[in-house]
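J.: Output the structure for:
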Amino acid sequence: MLTRHRLLIADNSIFFRDALAQTLMSQVQGLQVDSVKNCAGGKQLLAQNQGEYMAVISGLVLEDAAAGAMLDLAAEYKIPAIALTSSLDRETRQLVMDRDVIDYFFKDQDGLEGIISLIRRLISNRKHKVLVVDDAPTYCAYLSALLERQQYQVVVAHTGDRPLIY
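T.: From the prediction side, this is the model:
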C-alpha cells in the first residue's frame, strides 16, 4: 500500500493547473503535487516515480496527445484517474465514461471543491480494510478493483474458510 499522498496533475491550462495544485496543497495536509502541461511530461514523471502516485488528475485535452490519453496512461500504470473537463456535452461525457476513472469534474469553483473533497476521501479510505466475500471469483475481482480504485485496503474471500488477498 502507498504510504505517500502524492498526486500528478496534467492540464494544458497553466492557470487552472497551478490553482488546483496550490489549493490542494493548502487544503490537504501532507499532500505533494506534481504538475505537467502535457502527456509527455506526465509519462516521464510516472516512469520516474513508479508506485508513488495515489491518483492522476488530468484534463481530457492535452497539447501533445489524443483526447483522454493521460487517463489511459494512468490506467496502464494502475493509478486511479480523475478527469477534468471544460465542457459537459454528450460526446465529452462518453469520452470520460469510456475510460477507467474514479470521477470527473468541470473546471470551475464547484469542480475544484469536488476534487478537494474526493482527494480527502481517498486519503481517508486508505485507513480502512474492506472484506469482499462471494463464491464468484469474477465478481470478487470486479468489486475489489472498484474498491481499490477508491484506495481501500481489500481482502477477498470466496468462502468463509480462508481469505485471499488481491
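
J.: show me where the chain has strands.
T.: Taking DSSP state E to define them, one finds strands in the chain at 6-10, 32-36, 55-59, 81-85, 103-106, 129-133, 153-157, 163-164.

J.: Serialize these to a markdown table and add fields for mean neighbour count.
T.: Backbone N, C-alpha and C define where each C-beta goes, glycine included. A markdown table is the format used below for the strands of the chain (neighbours: other C-beta atoms under 10 Å):
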| stretch | mean neighbour count |
| --- | --- |
| strand 6-10 | 25 |
| strand 32-36 | 19 |
| strand 55-59 | 26 |
| strand 81-85 | 23 |
| strand 103-106 | 17 |
| strand 129-133 | 13 |
| strand 153-157 | 17 |
| strand 163-164 | 13 |
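
J.: Lowest average confidence across the ones you listed, which one?
T.: Mean pLDDT is lowest for strand 163-164 out of the strands of the chain, coming in at a mean of 56.

J.: May I have the residues that are in contact with residue 41?
T.: residue 10 (C-beta atoms under 8 Å, 6 or more residues apart in numbering).

J.: same thing but at 10 Å, please
T.: By C-beta atoms under 10 Å, 6 or more residues apart in numbering, residue 41 lies in contact with 8, 10, 34, 35, 62, 64, 70.

J.: swap in residue 77?
T.: 8, 42, 43, 46, 47, 49, 50, 51, 53, 56.

J.: ok, how many other residues are close to residue 109?
T.: Using other C-beta atoms under 10 Å, residue 109 has 9 other residues around it.

J.: What separation is there between it and residue 19?
T.: 10 Å (C-beta to C-beta, to the nearest Å).

J.: what's the answer for residue 102, then?
T.: 21 Å.

J.: Looking at the two, which is more packed in?
T.: More crowded of residue 102 and residue 19, by other C-beta under 10 Å: residue 102, with 18 against 14.

J.: Setting aside sequence neighbours, what's the nearest residue to that one?
T.: residue 80 (5.0 Å; C-beta to C-beta, 6 or more residues apart in numbering).

J.: Please apply the same query to residue 150.
T.: Closest to residue 150 by C-beta to C-beta, 6+ apart is residue 125, at 5.4 Å.

J.: Go ahead and confirm the one you found touches residue 151.
T.: Yes. Counting by C-beta atoms under 10 Å, residue 151 is a contact partner of residue 125 at 4.2 Å.
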